[in-house]
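Asker: compute the structure for the input listed below.
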Amino acid sequence: MTDNFLIDQWQFNGVDAQQIKVQDEHQSKVQPRNWYHCQRESLGLRKWLQFNDIEPGIIDSLLKDDTRPRFELYEDGSFLLILRGVNLNEGAKPDDMLSIRLFWRDNSLITTRKVSSRTISNIRSALLKGNGPKSLPHLLMAIIAGLNLNIEKFLNQTEERLFELDEVEHDDNELHLIHKRILKLRRFLKPQRYALNDLVEANIPDINSVETHSWNVLDTSTRLTESMEFYLEQIQVMKSEIAQDQAEKMNRNTYLFTIVAAIFLPLGFLTGLLGINIGGMPGVDSPTAFTLFCAGLGVTLLIELFLLKWLRFF
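Answerer: Residues are numbered from 1 along each chain as shown. Next up is the predicted model:
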């Protein structure tokens, strides 16, 4: 961890956002129409937030390791929004969701991150090219929409794979892995939908200019949650089909072994009985006894097959 916490600062004047270079980030005051994107684990970030008179509870929410998506509106009109997105960094698992924390106060936006977010990186690249969001409210909506877009892409890939698995004989282990991933996504995306719903219904004056966008991102978040529920139900159906196929195979094998055992039980009884090595066994001195006994076994076998077929065992 380093003492340099400020990753980027942008000023939004309604035309083109301007990237700001700060000489001493630790002593800088939060200015209206500015976006401060910060590294959450940096040592100086907490002191800077305290320097800007941000409440300790809000600071803890911006910096602590494990949080769930939520929205909190404060009396002065500021609000805290904690979001989650799929982790698209190289070598990471998408379902190991990264966290973006946003704090809005006096028409300024502070965001904190632990690992790099593809959404934030794309927005910063667009700003550098001069075609990114033109205002802070539009920036806020761009962050939410970008997180939703990456989640949607991941779910679309999952959907395609589920359809492929449904069409061919597949390994249940892969289906189980997909199931676990979607469950991990749902753990965060369901409360995230509620958080976005609270944001929209809060009717905050600072972001009323993007009300239509806010409803759109809420609708997208709702649709993603519904898609996850559908995929989970589809996986349950596929697992039920696999369990049914396995049960049918087991029943067929058991049934086959039962028939074989039923056929050979009397034959085994006869051969065992005549194999007793004691006096008085019939046919011991007759050269045709063995032939007659084998013929008798054959007749017994035919009678058994006839009876089993008549009784509709097969």
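Asker: can you get me a residue count around the closest residue to Arg193 other than its chain neighbours?
Answerer: The shortest distance from Arg193 to any non-neighbouring residue, by CB to CB, 6 or more residues apart in numbering, is to Ser221 (4.6 Å). In short, each C-beta sits where N, CA and C put it, glycine included. Around Ser221 there are 26 other residues, counting by other CB atoms under 10 Å.
Asker: any regions of the protein where pLDDT drops low?
Answerer: Of all residues in the chain, those with pLDDT under 70 make up the ranges 1-2, 169-171, 273, 276-281, 283-285, 311, 313-314.
Asker: quick one: residues contacting the most centrally placed residue in it.
Answerer: The residue lying closest to the centre of the chain (CA atoms, centre = their mean) is Ile182, at 2.2 Å. Counting by CB atoms under 8 Å, 6 or more residues apart in numbering, Ile182 touches 95, 158, 228, 231-232, 235.
Asker: closest one of the residues you listed to Leu175?
Answerer: Minimum distance to Leu175 across the contacts of Ile182 is 6.3 Å, recorded for Ile235 (CB to CB).
Asker: ok, that closest one touching Lys180?
Answerer: No - here Ile235 lies out of contact with Lys180, judged by CB atoms under 8 Å, at a distance of 10.1 Å.
Asker: more neighbours, the two?
Answerer: Relative neighbour count places Ile235 above the other of Ile235 and Lys180, with 20 against 11, counting by other CB under 10 Å.
Asker: and that one, helix, strand or coil?
Answerer: Using DSSP: H, G, I helix; E, B strand; the rest coil, the structure places Ile235 in helix.
Asker: is it correct that the residue nearest to Arg193 falls within a helix?
Answerer: Yes - under three-state DSSP, Ser221 falls within a helix.
Asker: check contacts around it.
Answerer: If a contact means CB under 8 Å, 6+ apart, then Ser221 has 144, 148, 189, 192-193, 196 as its contacts.
Asker: just give me the closest of those residues to Ala202.
Answerer: Nearest to Ala202 among the contacts of Ser221: Leu196, at 10.6 Å, using CB to CB.
Asker: am I right that Trp35 falls within a helix?
Answerer: No - the assignment for Trp35 (three-state DSSP) gives strand, which keeps it out of a helix.
Asker: check contacts around it.
Answerer: Trp35 is in contact with 8-12, 17, 108-111, 136, 139, counting by CB under 8 Å, 6+ apart.
Asker: can you pick the most crowded of the residues you listed?
Answerer: If you count neighbours using other CB under 10 Å, the busiest of these is Ala17, which has 26 neighbours.
Asker: any idea how far that one is from Gln157?
Answerer: Ala17 sits 32 Å away from Gln157 when distances are taken as CB to CB, to the nearest Å.
Asker: please apply the same query to Asn150.
Answerer: Distance of Asn150 to Gln157, computed by CB to CB: 11 Å.
Asker: using PDB, write down the CA coordinates of stretch 108-125.
Answerer: Taking only C-alpha atoms (Å, rounded to 0.1, in the frame of the first residue of the first chain), the coordinates of stretch 108-125 have been written out as PDB:
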ATOM      1  CA  SER A 108     -19.200  16.000  -6.100                       C
ATOM      2  CA  LEU A 109     -18.600  12.300  -6.400                       C
ATOM      3  CA  ILE A 110     -16.000  10.200  -4.600                       C
ATOM      4  CA  THR A 111     -15.500   6.600  -5.700                       C
ATOM      5  CA  THR A 112     -13.200   4.000  -4.100                       C
ATOM      6  CA  ARG A 113     -12.000   0.700  -5.500                       C
ATOM      7  CA  LYS A 114      -9.700  -2.200  -4.400                       C
ATOM      8  CA  VAL A 115      -9.000  -3.700  -7.800                       C
ATOM      9  CA  SER A 116      -9.300  -2.200 -11.200                       C
ATOM     10  CA  SER A 117     -12.800  -2.200 -12.700                       C
ATOM     11  CA  ARG A 118     -13.300  -2.600 -16.500                       C
ATOM     12  CA  THR A 119     -16.300  -0.200 -16.300                       C
ATOM     13  CA  ILE A 120     -14.300   2.600 -14.600                       C
ATOM     14  CA  SER A 121     -11.400   2.000 -17.000                       C
ATOM     15  CA  ASN A 122     -13.600   2.400 -20.000                       C
ATOM     16  CA  ILE A 123     -15.200   5.600 -18.700                       C
ATOM     17  CA  ARG A 124     -11.700   7.100 -18.000                       C
ATOM     18  CA  SER A 125     -10.600   6.100 -21.500                       C
END
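Asker: much appreciated, bye for now.
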